[in-house]
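**Q** Please find the sequence and the predicted model below.
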Amino acid sequence: MPAMTRLADDRGGSRRAALALAGGTAMAVALTTSGLAQSAPVEITMWSWVPNLQEQIDLFEERNPDIDVNLVNAGQGAAQYMELRNAIRAGRGAPDVVQIALDTQPTFQITGALLDIGLLGANEVADDFVEWAWAQVSAGGAVYGIPWDSGPMGIIYRGDIFDEVGIAEPATWDEFRAAAETLRAERPDAYITTAAFSAGAWTIALFWQAGARPFEMIDETTIRITMNSPEARQVADYWTGLIADDLVDTSAIFNTDWYSSLDRGRIASWITAAWGPSLLSQFTSDSMGSWRAMPLPQWDAAAPAASNWGGSTIAVMGSTEHPEAAARLALFLGADTDAAQMFIERQGLFPVLKERLASDSFLDATMEFYGGVSYNQVFASASELIDTSFEWSPFNDHVYQVLSSELSAAAANGGDLSEALDRVQEELVTYARAQGFTVVE
Amino acid sequence: MAPGPRTDGATLTASARVAPARATRRRRLARVPLAPYLFCLPFVLAFLAMVIFPMGYAAWLSLFQERMVGGTIFVGLANYAFVIADPKFWRGIQNVLWFGMVQIPVMLSLALVLALILDSSLVRARGLFRAVFYMPYAVPTVIAALIWGYLYGPSYGPFTQLADAMGWSRPAFLTERGMLWSIGNIVTWEYTGYNMIILFAALQAVPRDLEEAASLDGAGPVAFALHIKLPLIVPALMLCAIFSIIGTFQLFNEPQILQSLAPQVIRTDYTPNVYAYSLAFTSIQYNLAAAVSFVLAAILAVVSYVFIRLTSRFGASF
């Protein structure tokens, strides 16, 4: 699932969803009060933007007749977080179980909004998950969410264009630059890729691969912020060079014009996550079937590293009155093999359960987007190369916004991305201090 | 207005013998004027709940600082001091000022010309044209911004394709230089018809015998429009201008939608309202956002007041 905020027009939807929630709750209350003298099932509410989730919810209710789940789509990503924050502020209306993107979980965790479900069964399934994903949701024995899906990074590219101009899959970023030069020389109307600094999450994912660790919570009130570390600068300088030499495109991504650019070959590849192909395939027509996938190029071919962009967890809200029922639902959706298989097949979620990740049915699943070939192996291998130590800040929305604002402006105007990073650093330190944190630089 | 009820009362007393019960009730109401208040009540309640209470709440919020660590503290007017010293806030104000100085005159001139043409005796199918010009206003601004955002597409938007086909250089709608013009175009497209309707309504109120008198004095339709009609609808024009100024300072939907197409141009401080929104909902600084709103309202009040003072002098000299 693209766990990122993509479109601003989610907002109306979330308001509708909130109304639907109000209506749904009223109806449910009416139903429970109107009948059933025997022990009525516990009713819990879940917020999620995963499409067609009701199928898995039905399966859960079938297996757990004592629990009724009221499923609500309160918008995707930032739109939902806004609703969630408002509900937390208001002290009512929050769900019992909620989908939260991996990168935003600490933002809610630090305010004490999420329940530690470690002793409610979560610790027992710890070993079922890929390590880096479990590291993202847990701290010692405390578990604040069950990993649901992930977005190991790779590159999807137009096989037809790469073949036409004679580019092999670049194994290192240096080779990637050479490939960009070849493509510009052969096809002056095209670029090898988009430097997507308009998406803060994309930028962070590139830093993650290079070994940058911009945030570290030293204790609950102390945070280390090093946005402009040498590793991050390495990435920034590399792209500054590509942009300066007009080797990459700098458009904003996730809009019609950009999707067309990929479909019509103005842009020949997208550095993206495992969910990228299913998203992009909704917008491709001419290029359907011409796509392939490859791993991220490496900074050091001897020490390959991958990265992650997106992915979600299923968290239980601290305010729930039914912690056990809520935890049971989170565990079912995240850790049950049947549910996981359904998510792979029906919703195209990229699995975080080791067993599913290694299964043939997953690795061999084909896509029309790739011309009926399977490239899941590329992303599955990447999943094993993701460093477990990456940490997010507890104010992730703000971080993405500042990154997007500063870096996209520098990219579009041919500025120096490293200098932009210095400004990001300064802005984030100021912000963190205003939020009451002790900041270590 | 005053004589109305009185004559009405007289009729009522006269007819009191016919329907005594009703008349006495009405008379009692007339003595204790409760009815007007009752009629106002729904509005007053809604006004209190939807305007006064949220404003009070925002004013209250603006005096505090909520922090992730250490909780909420009272900071007095510190948020206001921050906003007034904040270059980002002033960048937004500067943008809307530039925007308004160009867009409002263009839009109102267009609206005025259209209204005058529609009002003249030259035009047939007046109702049809009125509806067509007004139609963009019926399109929700969010939808309009999305559609225009597509049309402005730098690589595959229709205008770009047209430019490519004709061998012209591509229009730079979504760039640093082009953006305010592009937004201005959307806003003009949306609101010209709306303003035209207000001006047209005012023109309809211009007595027709003036036209006769003017033509007897030898004035053609153009002279009549410029020297008779225009001065008579100056109050309506001023009303449109005030509405437009307020709308400009509150510019939000269009830049917010276009932001996803050009985040490098439309940054979080592009307009004051975009800034307030991003402070509140992305950066979770509700307190600062509330302060931004009040400072913006204060600036708007001053600008509107100055505008009215200046133009009332101008109107008198007309």
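**A** Received the coordinates, thanks.

**Q** May I see the buried residues of stretch A:367-384?
**A** A:367, A:369-370, A:375-376, A:378-380, A:382-383 (16 or more other CB atoms under 10 Å in any protein chain shown). To be clear about C-beta, it is placed using only N, CA and C from the backbone, and glycine gets the same treatment.

**Q** Equivalent analysis for stretch A:189-208, please.
**A** Applying 16+ other CB under 10 Å to stretch A:189-208 flags A:190-208 as buried.

**Q** ditto for stretch A:57-67
**A** Result for stretch A:57-67 [16+ other CB under 10 Å]: buried residues A:57, A:59-61, A:64, A:67.

**Q** and those residues as a markdown table, adding distance to chain B, secondary structure and pLDDT?
**A** Listed next are those as a markdown table, based on distance: CB to the nearest CB, whole Å; DSSP: H, G, I helix; E, B strand; the rest coil; pLDDT from 0 to 100:
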| residue | distance to chain B | secondary structure | pLDDT |
| --- | --- | --- | --- |
| A:I57 | 29 | helix | 97 |
| A:L59 | 35 | helix | 96 |
| A:F60 | 32 | helix | 97 |
| A:E61 | 34 | helix | 97 |
| A:N64 | 36 | coil | 96 |
| A:I67 | 33 | strand | 96 |
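
**Q** does the residue most central in space within chain A sit in a helix, a strand or a coil?
**A** Most central in chain A under CA atoms, centre = their mean is A:G310, positioned 1.0 Å from the mean C-alpha point. In three-state terms, and counting by DSSP: H, G, I helix; E, B strand; the rest coil, A:G310 is strand.

**Q** now it: how far from A:W202?
**A** 10 Å (CB to CB, to the nearest Å).

**Q** neighbours of the closest residue to B:I197 other than its chain neighbours, just the number please.
**A** Nearest in space to B:I197, with sequence neighbours left out and distances taken as CB to CB, 6 or more residues apart in numbering or on different chains, is B:Y134 at 5.7 Å. Per other CB atoms under 10 Å in any protein chain shown, the neighbour tally for B:Y134 reads 15.

**Q** cool, B:G127 as well?
**A** 8.

**Q** Helix or strand: which one has the residue lying closest to the residue nearest to the centre of chain A once chain neighbours are set aside?
**A** Spatial nearest neighbour of A:G310, excluding adjacent residues (CB to CB, 6+ apart): A:G151 at 3.5 Å. Secondary structure assignment for A:G151, by DSSP states H and E: strand A:146-158.

**Q** Now do that strand: which elements does it pack against?
**A** helix A:131-137, strand A:269-273, helix A:276-280, strand A:291-295, strand A:308-316, helix A:323-335, helix A:376-384 (3 or more CB pairs under 8 Å, 6 or more residues apart in numbering or on different chains; DSSP states H and E).

**Q** Tell me how many other residues surround the residue nearest to A:F197 when sequence neighbours are not counted.
**A** Spatially, and ignoring its direct neighbours in sequence, A:F197 is nearest to A:L407 (3.9 Å; CB to CB, 6+ apart). When counting by other CB under 10 Å, one arrives at 28 neighbours for A:L407.

**Q** any idea how far A:L407 lies from B:Y156?
**A** Applying CB to CB to A:L407 and B:Y156 gives a distance of 25 Å.

**Q** same deal with A:F369?
**A** For A:F369, the distance to B:Y156 - CB to CB - is 20 Å.

**Q** closest to B:D86 among the buried residues of stretch A:367-384?
**A** Nearest to B:D86 among these, counting by CB to CB, is A:A382 at 42.3 Å.

**Q** correct me, but the closest one touches A:M153?
**A** Yes - with contact defined as CB atoms under 8 Å, A:A382 counts as touching A:M153 (6.1 Å).

**Q** tell me, what's touching the two both at once?
**A** Listed contacts common to A:A382 and A:M153 are A:274, A:296, A:306-307; contacts here mean CB atoms under 8 Å, 6 or more residues apart in numbering or on different chains.

**Q** what's the closest of these to chain B?
**A** A:S307 (21.7 Å; CB to the nearest CB).

**Q** Tell me how many other residues surround the closest residue in space to that closest one that isn't next to it in sequence.
**A** Closest residue in space to A:S307, ignoring its immediate chain neighbours: A:Q209 at 3.8 Å, by CB to CB, 6+ apart. Residue neighbour count, defined by other CB under 10 Å, stands at 26 for A:Q209.

**Q** Give me the helices and strands touching the helix or strand in which A:Q209 is found, please.
**A** Element membership of A:Q209, judged by DSSP H and E, is helix A:200-210. For helix A:200-210, the packing partners by 3+ CB pairs under 8 Å, 6+ apart come out as helix A:230-244, strand A:269-273, strand A:308-316, helix A:396-412.

**Q** deepest of the ones you listed, which one?
**A** Ranked by mean neighbour count, these are led by strand A:308-316 with a mean of 28 (mean count of other CB atoms under 10 Å in any protein chain shown).

**Q** Direction included, what does that one pair up with?
**A** strand A:97-101 (antiparallel), strand A:146-158 (antiparallel) (DSSP bridges).

**Q** between the last one and helix A:323-335, how big is the angle?
**A** Spelled out, that is strand A:146-158. 30 degrees (axes from the mean of the first three to the mean of the last three CA atoms, to 10 degrees).

**Q** same check, this time on the first one
**A** On the basis of the same axes, to 10 degrees, strand A:97-101 is oriented at 40 degrees to helix A:323-335.

**Q** How many residues are close by residue 43?
**A** In the absence of a named chain, this looks at chain A. 18.

**Q** nope, chain B please
**A** 9.

**Q** for A:D68, same thing?
**A** Neighbours of A:D68 using other CB under 10 Å come to 18.

**Q** CA atoms only for the helix or strand hosting it - export them in PDB, please.
**A** For A:D68, the element it lies in under DSSP H and E is strand A:67-72. What follows is strand A:67-72, C-alpha atoms only, in PDB (Å, rounded to 0.1, in the frame of the first residue of the first chain):
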ATOM      1  CA  ILE A  67     -16.400  -9.500  18.400                       C
ATOM      2  CA  ASP A  68     -18.200  -7.100  16.000                       C
ATOM      3  CA  VAL A  69     -15.900  -4.900  14.000                       C
ATOM      4  CA  ASN A  70     -17.100  -1.500  12.700                       C
ATOM      5  CA  LEU A  71     -14.800  -0.700   9.800                       C
ATOM      6  CA  VAL A  72     -14.300   2.900   8.800                       C
END
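
**Q** And the residue of the stretch 201-318 of chain B that's closest to chain A?
**A** Taking CB to the nearest CB, chain A has its nearest neighbour within the stretch 201-318 of chain B at B:Q264, 3.9 Å off.
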